[in-house]
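J.: below is the sequence, then the predicted model.
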Protein chains: 2
Amino acid sequence: VAVRFECTILGVNSAYPVHGRHPSCQVINYNNELIMIDCGESAQIHLSNLSIKRSRINHILISHLHGDHCFGLPGLLTSFSLQGRSKKLTIHGPLNIKKYLETVLEISGSYLTYELDILEYDTSICHDFSIHKNLEVQTFPLDHRMPTMGFRLQEKQSEMNIDPSKIKEYDLSIEEIKAVKRGEDIRGLSNSKFVLPMTKNRSYAYCSDTAYDESIINYIKEVDLLYHEATYLGELEQLAIERKHTTLAQAIQIAKLSSAGKLLVGHYSSRYTDLSEFVKRGKEKLGDKFLLGQEGETYAI
Amino acid sequence: VAVRFECTILGVNSAYPVHGRHPSCQVINYNNELIMIDCGESAQIHLSNLSIKRSRINHILISHLHGDHCFGLPGLLTSFSLQGRSKKLTIHGPLNIKKYLETVLEISGSYLTYELDILEYDTSICHDFSIHKNLEVQTFPLDHRMPTMGFRLQEKQSEMNIDPSKIKEYDLSIEEIKAVKRGEDIRGLSNSKFVLPMTKNRSYAYCSDTAYDESIINYIKEVDLLYHEATYLGELEQLAIERKHTTLAQAIQIAKLSSAGKLLVGHYSSRYTDLSEFVKRGKEKLGDKFLLGQEGETYAI
């Protein structure tokens, strides 16, 4: 049985809160450990509203420093302290995020009860790091109006997963269990008799904010779930080019070129009160592979 | 008829958002011009939810720089630009507010479409300034864990208010109208025949956050409406002393000593899920002069 790997959307609007939508924020659940991606204003309120256990967040990934992707951080970080957090928290973000947070925390007289590790990355190149023994993050450059990076979350090949019922049935010794986990045959029987079927290594990519840019395809190839911004409908392609954002049709094109399993869109412009046209056009092109990102919804990866 | 002068509460919790309550924020309406006092996270969302016309806000007063009183500012300031504001905005706050806002706006690549005037005040002394031709602000020191100031909003004596029906009835000339407004008699008739009854000059005071401190009484004497924090019930007086906050009983005592018309309380500790004990005790001591501050409610001044 595969471990839990899913994405919950907390904020899906661009620029500012309106129409009941809020600035960008997502929470990835990997085996009940949580990773937050971007942290728009009021992210901490939605964590509470959705009963997401904030104490399980150990890593926060920030794509860039436009306010709608990071203005929720100071409130979240200080609330952690007021709620007695003692576990270390690691924030991964672009250059300058350290100065931003340290200045705000200092001027607001905030005292943190936990270790805060702020790691800065040059967004013009790729980086790899591990955030869970079975989950790696790969960053890659996005083409936006300020230094911005995308994230690929890639499940690692785990060791052979022994079937608990076989341990009982054959009364396996510790040594035999270790041998099975290494992939060896035991008692003259094939290894496959004792293990659960291997699950495919799953992956998720987050691309917000960015102009249409085929150079990212290499980094997001064949992800199971691709989140790509779709700020505008095609009628506003010129505006998308000027503001370095993407239209829905362009996001669909990126999903096709990268052979993504499913496409999840978001970062809608505030000019769209109603999103039914996004659904209609998305389903027309991708059918069930198209998912309209909505706040409070959880998407399996 | 007196001009509109009222206080709407947008956020009334201390520290962090919980129990459906949010960090400190109020909007004062004086003759349909709006003054915001403190700006906790998500203030801009509540402006929208309550359909308050944010374009009418020309002044924001910030009592101190703890996060629950100012973390909503960056989002509000950048949203003003995204919504095309061109009118000047003036922020009055303690020392360091300029560094806070300028650092955040610069790092987040925010471009403002309007003039932003940030005025810093030494909170250890009093200051007077005008924010409307008929409304003055007096700041005074509060005793908290960081430099903090309270605000008294004082209506000025306005000119004689001519009765429009008399202009018609007597077909008054421009010169005669001016004379009446100067308080002169005309056509051998008493000035009082042409003017509406003078209204008392009204006043409002905002005291959050502060320890129990009788030295503020001089500054808030006889205000019509006194907002005073009441973070805890009396059982936690020792904690109030340590954290430089006030209990409900202490807030009531300040209201009595300053002969306030009414007392409005708020800044409730997150430990109180339910506020019925605040109401019970407040009404017991002050009857109808006690008002439990609640989000979305508007209080006449």
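T.: Everything's here; your move.

J.: how about the residues of the stretch 151-300 of chain A near chain B?
T.: A:Ser270 (CB under 8 Å from any CB of the partner chain). Just so you know, the C-beta spots here come from the backbone N, C-alpha and C atoms, and that holds for glycine as well.

J.: is it true that A:Asn161 touches A:Val195?
T.: Yes: the criterion here is CB atoms under 8 Å, and A:Asn161 meets it with A:Val195 at 5.9 Å.

J.: neighbours of A:Ile118, how many?
T.: Around A:Ile118 there are 17 other residues, counting by other CB atoms under 10 Å in any protein chain shown.

J.: beta partners of A:Leu116?
T.: Note on A:Leu116: beta-bridge partners A:Leu89, judged by DSSP bridges.

J.: check what pLDDT it gets.
T.: Looking at A:Leu116, its pLDDT stands at 98.

J.: what residues are up against it?
T.: A:Leu77, A:Lys88, A:Leu89, A:Ile91, A:Leu101 (CB atoms under 8 Å, 6 or more residues apart in numbering or on different chains).

J.: what mean pLDDT does the strand or helix carrying the last one have?
T.: With elements delineated by DSSP states H and E, A:Leu101 resides in helix A:97-107, which encompasses its position. Helix A:97-107 comes out with an average pLDDT of 98.

J.: same thing with stretch A:164-181?
T.: Stretch A:164-181 comes out at a mean pLDDT of 92.

J.: before we move on, what SS does the closest residue to chain B within the stretch 151-300 of chain A have?
T.: Residue nearest to chain B within the stretch 151-300 of chain A (CB to the nearest CB): A:Ser270, separated by 7.6 Å. Secondary structure assignment for A:Ser270 (DSSP: H, G, I helix; E, B strand; the rest coil): coil.

J.: correct me, but it touches A:Pro23?
T.: No: counting by CB under 8 Å, A:Ser270 stays clear of A:Pro23, with 10.5 Å between them.

J.: neighbour count for these two, which is higher?
T.: Applying other CB under 10 Å to A:Ser270 and A:Pro23 shows that A:Pro23 carries more neighbours, namely 28 against 17.

J.: OK, contacts around that one?
T.: Taking CB under 8 Å, 6+ apart as the test, what A:Pro23 contacts is A:11, A:13-17, A:40-42, A:67-69, A:71-72, B:75.

J.: what's in contact with the helix holding A:Leu101?
T.: Taking CB under 8 Å, 6+ apart as the rule, helix A:97-107 contacts A:62, A:65, A:70, A:73-74, A:77-78, A:91, A:110, A:112, A:116, A:118, A:120, B:65, B:67, B:96, B:99-100, B:103-104, B:107-108.

J.: what is in contact with A:Ser270 and A:Pro23 at once?
T.: With CB under 8 Å, 6+ apart, A:Ser270 and A:Pro23 have common neighbours A:Asn13, A:Ser14, A:Ala15, A:Tyr16.

J.: just the pLDDT for the first one.
T.: Right, A:Asn13. So A:Asn13 comes in at 96 (pLDDT).

J.: phi, psi for the closest residue to it other than its chain neighbours please.
T.: Closest residue in space to A:Asn13, ignoring its immediate chain neighbours: A:Arg21 at 3.6 Å, by CB to CB, 6 or more residues apart in numbering or on different chains. The phi/psi pair for A:Arg21 (degrees, to the nearest 10) reads phi -100, psi 160.

J.: so what's A:Arg21 up against?
T.: A:Gly11, A:Val12, A:Asn13, A:Tyr268, A:Glu295.

J.: can you list these in CSV and add distance to B:Ile254?
T.: Formatted as CSV, these follow (distance: CB to CB, whole Å):
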residue, distance to B:Ile254
A:Gly11, 40
A:Val12, 45
A:Asn13, 42
A:Tyr268, 48
A:Glu295, 42
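
J.: are any of those residues buried, and which?
T.: A:Gly11, A:Val12, A:Asn13, A:Tyr268, A:Glu295 (16 or more other CB atoms under 10 Å in any protein chain shown).

J.: doesn't A:Ser270 make contact with the second one?
T.: So the one you mean is A:Val12. No: at 11.7 Å, A:Val12 and A:Ser270 do not qualify as touching, with contact defined as CB under 8 Å.

J.: who's in contact with the helix or strand hosting A:Ile177?
T.: For A:Ile177, the element it lies in under DSSP H and E is helix A:174-181. With CB under 8 Å, 6+ apart as the test, helix A:174-181 has contacts from A:Glu159, A:Met160, A:Ile162, A:Ile167, A:Tyr170, A:Leu172, A:Ile186, A:Arg187, A:Asn191, A:Phe194, A:Val195.

J.: so which of the residues you listed wins on neighbours?
T.: With neighbours taken as other CB under 10 Å, the top of the contacts of helix A:174-181 is A:Phe194, carrying 25 neighbours.

J.: next, that residue: phi, psi?
T.: phi -110, psi -10.

J.: picking that back up, may I see the buried ones among the contacts of A:Arg21 organised as TSV, with secondary structure and distance to B:Glu222 added?
T.: Listed next are the buried ones among the contacts of A:Arg21 as TSV, based on DSSP: H, G, I helix; E, B strand; the rest coil; distance: CB to CB, whole Å:
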residue	secondary structure	distance to B:Glu222
A:Gly11	strand	46
A:Val12	coil	50
A:Asn13	strand	46
A:Tyr268	strand	52
A:Glu295	coil	48
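
J.: residues contacting the closest residue in space to A:Lys289 that isn't next to it in sequence?
T.: Take A:Lys289 and drop its neighbours on the chain: the residue closest to it by CB to CB, 6+ apart is A:Lys262, 4.9 Å away. By CB under 8 Å, 6+ apart, the residues touching A:Lys262 are A:Asp224, A:Leu225, A:Leu226, A:Lys289, A:Phe290, A:Leu291, A:Tyr299.

J.: tell me where the model's unsure across chain A.
T.: Residue ranges of chain A with pLDDT under 70: A:1, A:158-159.
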